[in-house]
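Trainee: Following is a predicted model, sequence given first.
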Amino acid sequence: MAMPSSIGRYRVERLIGEGGMGQVYVAFDPKLERTVAIKTVRRGGMSTREFRQFLLRFRNEAKAAARLSHPSVVQVYDADEDPIIGPFIVFEYVQGQSLRSVLRAKGKLTVEEAMAVAWAIGEALDAAHDAGILHRDVKPENILIDASGRAKLADFGIARVVDVSLTQEGQFLGTPRYSAPEAFFGKYSRQSDLFSLAIVVYEMLTGQLPFGGDTPLAAMYSILHSDPVPLSVLAPELPSALDEVFSKAFAKDASLRFGRASEFLEALERAFAAEVRARQEQFHSAKRWLAAGFSVFLIAMAGGATAFVFFAQGQRNESRVPQATPPPASSHEGTPPLSQAAQVEVLVPAPPLTESRSSFTSTAIDQREGSVARILPSNEALLSDSHASARINPESVQLTDEGSGEAGGPVPFEEANESASASSLMESTSPPTSREEQAKEFIDAARRALQERDWLQARLYLRIARALDPENVDIEAIERAIGALGGE
């Protein structure tokens, strides 16, 4: 059949679709000066009497659909009969493509895309049902996606107006693969439309239909007698809780299904939200375990590095400092030897590895005799996790007499203390060993590591420096610098 030049008062521009019930054209309305879509309805094998009843019912239902106004519904403008073409319906023209075209191109939609379409169509169905109108043919071909991406429900041409006496009961209208079980026996309700909506949503999420069947008859049998394929089988990446939602939506008994489209869609969103919360909790739990593990790793690294520093330092001191020779017995007659209890223990925080480190020198005052004991390094230096413990061996202690007293005589305590301190500082080649000074050395080492972009080593030095001097403000400044340079 050739394309008509006009249908009623509308000038036909082009054919955009053709189906079993008729053709769809793009036309222009010269009266209102707007572009419209026109769908013709074929007479088929109806007798004259049947056709007249059909026309009366068709006009009644088209007028009811025209009263339905919703942003997600393709508006019905007019319904009439052309002497040549026959009955036709005039719709709002939507520039875009059908959901069927989108699915053919993409296979399936993302969760966000599918839920956006589902909510638009679900709200349209709830509005139509509240107005007493059943669609009876919800499928991807009748869902249009406009230029802005919004979905619109089209083709209320076979819609049934509830409680209209001219509407026939017991007649199947629709598409078998998207129809509810009771629809095959001509029984329709809002649950029938929601069954079809659930099939469309299932297809958007998986790219496949929930019920098998290569032919319309096989599809009808599957919907009547088979259970749907669980969504988790076709899309295991989606929440398994969706299976329960679709199981209710596909119940054979219409009374066991959802009562409204919004109830069905809210159940879907709860299933998705529960999965998101579970994954977020898993992520945060893993993050907490990772942070704890990394802290333990840093502490272990700090302990290992400290032990290594002291071990290397002890080896260096032992190799560089000669062993002290015991003094002649005659020079200290009458001086009792230092007992085990009188040994002195000096705790020195571990310094960072620097280019050089000389032997440790300390002073001790033997208050019993009022003389100065210059304590030289001993071979009995012990190592621990964070300190070097230098124990004084009595054999390594040399007693000398310094000051203005007689040779070999006792020196007053105050003079001996001053003399010993000065002598110790002059003869020692090591830097100050206070906790603050040690912290500064680790901070300097952290700065060098920062310049080399060795974030881990820099943080290690800062951790040790903070343990030595928690109040040092340079530590936080360097940590901020590490973060600013991308060392998080």
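Mentor: Nice, I can see it.

Trainee: Ramachandran coordinates for residue 152?
Mentor: phi -130, psi 140 (degrees, to the nearest 10).

Trainee: How about residue 144?
Mentor: phi -110, psi 140.

Trainee: For it, give me the pLDDT.
Mentor: For residue 144, the pLDDT comes out at 95.

Trainee: Just list the residues touching it, thanks.
Mentor: Applying CB atoms under 8 Å, 6 or more residues apart in numbering, we find residue 144 in contact with 74, 94, 96-99, 151-152, 154. No exception for glycine: its C-beta is placed from N, CA and C like everyone else's.

Trainee: again, only this time at 7 Å
Mentor: When contacts are counted by CB atoms under 7 Å, 6 or more residues apart in numbering, residue 144 touches 74, 94, 96, 98, 152, 154.

Trainee: Sort out which of the residues you listed are buried, if you could.
Mentor: 74, 94, 96, 98, 152, 154 (16 or more other CB atoms under 10 Å).

Trainee: And residue 16, how far from residue 30?
Mentor: Distance, residue 16 to residue 30, by CB to CB, to the nearest Å: 20 Å.

Trainee: one step back: now render the buried ones among the contacts of residue 144 as TSV, adding secondary structure.
Mentor: Below are the buried ones among the contacts of residue 144 laid out as TSV (DSSP: H, G, I helix; E, B strand; the rest coil):
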residue	secondary structure
74	coil
94	coil
96	strand
98	strand
152	strand
154	coil
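
Trainee: Specify which member of those is nearest to residue 219.
Mentor: Set against residue 219, the nearest of those by CB to CB is residue 98 (20.1 Å).

Trainee: wait, that closest one sits on residue 140?
Mentor: Yes. Contact criterion CB atoms under 7 Å: residue 98 and residue 140 qualify, at 6.5 Å.

Trainee: Adding pLDDT and distance to residue 135, write the buried ones among the contacts of residue 144 out as TSV.
Mentor: Converted to TSV, these look like this (pLDDT from 0 to 100; distance: CB to CB, whole Å):
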residue	pLDDT	distance to residue 135
74	91	11
94	92	16
96	91	19
98	94	15
152	95	12
154	88	10
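
Trainee: Out of those residues, flag the one nearest to residue 272.
Mentor: Checking the buried ones among the contacts of residue 144 one by one against residue 272 (CB to CB), the nearest turns out to be residue 152, at 24.0 Å.

Trainee: Surely residue 486 is in a strand?
Mentor: No. Applying three-state DSSP, one finds residue 486 to be coil, outside a strand.

Trainee: measure it to residue 477 for me?
Mentor: 17 Å.

Trainee: the more surrounded of these two?
Mentor: For residue 486 versus residue 477, neighbours defined as other CB atoms under 10 Å are more numerous around residue 477 (11 against 8).

Trainee: mind checking pLDDT for the residue lying closest to residue 116 once chain neighbours are set aside?
Mentor: Nearest non-adjacent residue to residue 116, counting by CB to CB, 6 or more residues apart in numbering: residue 151, 7.2 Å away. Note on residue 151: pLDDT of 97.

Trainee: residues in contact with residue 77?
Mentor: Counting by CB under 7 Å, 6+ apart, residue 77 makes contact with 36, 66, 90-92.

Trainee: Tell me the spacing between it and residue 35.
Mentor: Using CB to CB, we find residue 77 at a distance of 11 Å from residue 35.

Trainee: correct me, but residue 207 touches residue 107?
Mentor: Yes. Under the criterion of CB under 7 Å, residue 207 makes contact with residue 107 at 4.5 Å.

Trainee: which parts of the lengthiest strand in the chain are buried?
Mentor: Criterion DSSP state E: the longest strand present in the chain is strand 10-19. By 16+ other CB under 10 Å, the buried positions in strand 10-19 come out as 10, 12.

Trainee: Mind listing the strands that strand pairs with, and their directions?
Mentor: In the sheet, strand 10-19 lines up against strand 6-7 (antiparallel), strand 22-29 (antiparallel) (DSSP bridges).

Trainee: Can I get those in a markdown table including distance to residue 473 and mean pLDDT?
Mentor: Output for those, formatted as a markdown table (distance: least, CB to CB, whole Å; pLDDT from 0 to 100):
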| stretch | distance to residue 473 | mean pLDDT |
| --- | --- | --- |
| strand 6-7 | 85 | 95 |
| strand 22-29 | 75 | 92 |
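
Trainee: what are the bridge partners for the residue nearest to residue 116, then?
Mentor: Beta-bridge partners of residue 151, as defined by DSSP bridges: residue 145.

Trainee: where does the stretch 201-350 of the chain have low pLDDT?
Mentor: Applying pLDDT under 70 to the stretch 201-350 of the chain picks out residues 275-298, 300, 302-350.

Trainee: in it, which spans are strands?
Mentor: 345-349 (DSSP state E, counting those that start in this stretch).
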